[in-house]
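Visitor: Pasted the sequence and its predicted model underneath.
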Amino acid sequence: MTLREARVAFSSKLALLVQHINETPGYTCALGEVMRSDEQAATNALGEGGRARLANLLADYLEFQTLAVAVSNNGRGNGILLSVHRSGLGCDVMLYKDGVWCQDAADYQQFAAWWKQQHELARAGYDFRDPAHFSFEWGGRK
């Protein structure tokens with residue numbers, strides 16, 4: 001399978017995931033980051049402390065960029081440099097239950113299980129402490 005074919009299959013299955021969530025009583029969703037630039041992946045990989053140091057270094061030069069770096073990932077978690085988001089094979093899904101944004105990983109469990117049954121490459125971040133992440137494995141990355 002080529003990367004293009006994987007991206008097309010991922011996009012098709014992602015549309016089905018959104019439909020499945022929105023058809024589940026009480027649940028709705030919105031999509032977060034799908035395609036991530038190399039620069040964003042590198043910034044996320046710095047972790048919260050690294051992003052804060054980078055923001056301080058940029059403070060005198062780029063006020064807007066400093067704010068963006070400092071709040072990257074909303075202060076939660078760390079990305080990885082070689083994320084499948086860079087290949088267009090990962091998506092963060094913002095899940096809502098009864099109109100309230102789900103912050104508990106358990107709310108994602110049923111959708112992670114459903115997702116993994118949709119394609120042999122389908123992976124769910126629920127399995128590795130990133131419950132909002134849904135992806136296709138590519139080159140050993142999830």
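Guide: Thanks, I have the structure now.
Visitor: After the biggest helix by length in the chain, heading C-terminal, what element do we hit next?
Guide: In the chain, assigned by DSSP state H, the helix with the most residues is helix 3-23. Per DSSP states H and E, the first helix or strand lying C-terminal to helix 3-23 is strand 27-31.
Visitor: Distance from the host helix or strand of A55 to the middle of the chain?
Guide: According to DSSP H and E, A55 maps onto helix 47-58. Distance of helix 47-58 from the chain centroid (Cα atoms, centre = their mean, to the nearest Å) equals 21 Å.
Visitor: Restricting to C-alpha, output stretch 127-137 in CSV.
Guide: Output in CSV follows, covering the C-alpha atoms of stretch 127-137 (Å, rounded to 0.1, in the frame of the first residue of the first chain):
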residue,chain,number,x,y,z
ASP,A,127,-4.2,1.9,24.0
PHE,A,128,-1.3,4.2,24.6
ARG,A,129,-2.6,7.0,26.9
ASP,A,130,-3.7,9.3,24.1
PRO,A,131,-7.5,8.5,24.0
ALA,A,132,-8.4,11.2,21.5
HIS,A,133,-5.9,9.9,18.9
PHE,A,134,-7.1,7.7,16.0
SER,A,135,-4.7,6.7,13.3
PHE,A,136,-3.4,4.2,10.8
GLU,A,137,0.0,2.6,11.6
